[in-house]
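In: Below are the sequence and a predicted model for it; my questions follow.
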Amino acid sequence: MAGSSCVDMDPDVALRLFEEGATLVLLGVPQGTELGIDCKSWQVGPRFRGVKMIPPGLHFLHFCSVNSPSCGGEIGPKSGLFLTLKPREILLAHWDPKEEDLDFSASKNDEEVNRIRSTLRELDPYLGPYPYEVMRKWVSLTDQISQELAVNLQPLSGRVCAFSDIIPELQFRHTKDRAEQPRNDTACQSMREGLDRLPKMKQREGTELRFSDIPKKTYPPGASPAEITRCSMDLSYSLETVLEQNYPDQPLNLLGELQFAFVCFLVGNVYEGFEHWKLLLALLCRSEDAMRKRKELYLGLITVLYHQLGEVPPDFFVDIVSQNNFLTSTLQVKAQSLEKLLNLKPQEVNGILALFSE
């Protein structure tokens with residue numbers, strides 16, 4: 001990998017990490033491909049064969065294919081996948097030039113994996129070391145994401161993609177199918193009319209992130225006008241609905257989903273992750289009754305937000321149209337409830353909010 005580096009460490013420690021850490025053997029990745037793991041990425045060089053000394057646990061492997069220099073050398077959209085690696089595990093993948101993707105089917109071939117293991121020392125000069133300088137950051141951003149949760153939230157296709165794979169809702173496979181569709185050869189009178197004439201598109205099944213559904217109705221069936229007003233101001237009913245439908249026994253997994261959405265956006269460049277992160281954060285911060293009931297969840301939220309907000313510039317959340325800072329307004333709602341619901345003193349609340357403004 002071009003530009004790869006490893007923090008200085010004792011040779012004995014490095015040897016132990018080499019022997020105990022997991023190894024990703026990635027064969028045939030084209031030179032110039034942008035490839036990374038967790039919060040670090042590199043441009044693949046001609047000698048690259050994979051990544052070694054990877055600490056066991058959850059990781060996000062991501063890559064962008066690149067055209068040949070003769071075609072401009074343009075970099076494609078980012079794809080990635082979450083992996084949970086065990087100590088001394090070897091995961092083998094071959095680059096598929098047709099799909100511009102990594103094919104991990106070889107990892108199911110025990111004979112081939114054992115062959116790689118037996119020649120691992122010879123392969124060592126071609127393996128880039130895991131970037132331990134980002135390990136603490138990565139752990140702080142993902143400590144609530146379990147292997148099971150990552151599998152459940154990741155698309156069925158196994159790939160987190162920066163751009164949605166969309167297809168027409170109606171598949172016109174033959175010329176006669178398209179010919180039978182009504183046509184209007186007159187000029188469009190408005191942008192809306194032009195958009196209405198375009199084919200209706202949908203995301204390809206199996207490629208969508210499987211986030212929790214946020215209820216559109218914030219109140220229970222048969223609610224009175226007073227209850228509707230109360231549930232519109234305090235979203236605890238909606239939050240409890242989300243927890244009951246998705247995490248009835250493990251409510252802290254909602255923080256894991258918040259982290260998953262943030263990482264998909266921050267590292268995977270998935271805008272959908274940012275939108276879902278905002279929805280979850282607004283839901284949590286506008287649920288006053290839930291704060292009283294679920295103190296552990298909200299104390300965990302403070303820690304999660306502290307680490308997340310350290311990764312983005314302070315003006316990132318400013319809405320271009322309204323110039324209102326989404327994050328400031330959301331946290332202000334939360335701050336009004338922290339003191340009385342979590343039994344915190346005013347100076348403690350101010351100290352917590354000061355952390356987010358650093």
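Out: Structure received. Values in this document were obtained by computation on a predicted structure and should not be read as measured data.
In: Contacts only, for residue 124.
Out: Residues near residue 124 by Cβ atoms under 8 Å, 6 or more residues apart in numbering: 18, 52. The C-beta positions use only the backbone N, C-alpha and C, and glycine is treated the same way.
In: so where is this structure shaky, pLDDT-wise?
Out: 1-10, 13, 68-73, 165-167, 169-187, 193-198, 201-203, 314-358 (pLDDT under 70).
In: So it: which segments form each domain?
Out: As recorded under automatic domain parsing, the domains making up the chain are 11-142, 225-357.
In: Now the residue most central in space within the chain. Nearest residue, chain neighbours left out?
Out: For the chain, the residue nearest the mean C-alpha position is residue 264 (1.8 Å; Cα atoms, centre = their mean). Spatial nearest neighbour of residue 264, chain neighbours left out: residue 273 (3.3 Å); criterion: Cβ to Cβ, 6 or more residues apart in numbering.
In: Same list, the domains of the chain, but as JSON lines with distance to residue 192 please.
Out: Shown next, in JSON lines, are these (distance: least, Cβ to Cβ, whole Å):
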{"stretch": "domain 11-142", "distance to residue 192": "29"}
{"stretch": "domain 225-357", "distance to residue 192": "20"}
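In: who wins for proximity to residue 150 among the ones you listed?
Out: With Cβ to Cβ as the criterion, residue 150 lies closest to domain 11-142 of these, at 4.3 Å.
In: Endpoint to endpoint, the closest one covers what distance?
Out: End-to-end distance for domain 11-142: 29 Å, by Cα to Cα, to the nearest Å.
In: related to what we said a few turns ago, what's the closest of the domains of the chain to residue 163?
Out: Distance to residue 163, taken as Cβ to Cβ, is lowest for domain 11-142 among these, at 4.6 Å.
In: So what's the gap between that closest one and the chain middle?
Out: A distance of 18 Å separates the centroid of the chain from that of domain 11-142, by Cα atoms, centre = their mean, to the nearest Å.
In: which residues in the stretch 1-150 of the chain form helices?
Out: Counting by DSSP state H, counting those that start in this stretch, one finds helices in the stretch 1-150 of the chain at the ranges 11-20, 110-118, 120-123, 135-142, 147-153.
In: other SSEs contacting the last one?
Out: Right, helix 147-153. Counting contacts by 3 or more Cβ pairs under 8 Å, 6 or more residues apart in numbering; DSSP states H and E, helix 147-153 packs against strand 79-85, helix 253-266.
In: Tell me which of those is the most buried.
Out: For the helices and strands packed on helix 147-153, average neighbour numbers computed from mean count of other Cβ atoms under 10 Å are highest in helix 253-266, which has a mean of 24.
In: Where do the strands of the stretch 1-150 of the chain begin and end?
Out: For the stretch 1-150 of the chain, applying DSSP state E, counting those that start in this stretch gives strands covering 22-27, 34-37, 40-43, 50-54, 57-64, 79-85, 90-96, 101-103, 127-129.
In: Residues in contact with whichever strand or helix holds residue 275: which ones?
Out: Using DSSP states H and E, residue 275 maps to helix 271-285. The contact list for helix 271-285, computed with Cβ under 8 Å, 6+ apart, reads 164, 209, 211-212, 214, 235, 238-239, 242, 254, 257-258, 260-265, 290, 297-298, 301, 305, 326, 330-331, 333-334.
In: got it, and stretch 212-232?
Out: Identification of contacts with stretch 212-232 by Cβ under 8 Å, 6+ apart yields 235, 237, 238, 241, 242, 245, 246, 254, 257, 279, 280, 283.
In: For that stretch, list every residue counted as buried.
Out: 212, 214, 215, 218, 219, 230, 231 (16 or more other Cβ atoms under 10 Å).
In: pull the CA atoms of that stretch into CSV?
Out: Output in CSV follows, covering the C-alpha atoms of stretch 212-232 (Å, rounded to 0.1, in the frame of the first residue of the first chain):
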residue,chain,number,x,y,z
SER,A,212,-35.2,0.4,12.1
ASP,A,213,-38.4,2.0,10.8
ILE,A,214,-39.2,5.3,12.6
PRO,A,215,-43.0,5.6,13.0
LYS,A,216,-44.6,8.3,11.0
LYS,A,217,-47.4,8.6,13.5
THR,A,218,-46.1,9.7,16.8
TYR,A,219,-49.2,8.8,18.8
PRO,A,220,-51.1,5.5,19.5
PRO,A,221,-54.2,4.4,17.7
GLY,A,222,-57.4,6.1,19.0
ALA,A,223,-55.5,8.8,20.7
SER,A,224,-57.4,11.9,21.9
PRO,A,225,-56.5,15.4,20.6
ALA,A,226,-54.7,16.0,23.9
GLU,A,227,-52.7,12.8,23.6
ILE,A,228,-51.8,13.6,20.0
THR,A,229,-50.5,17.0,21.1
ARG,A,230,-48.5,15.5,23.9
CYS,A,231,-47.0,12.7,21.8
SER,A,232,-46.1,15.2,19.1
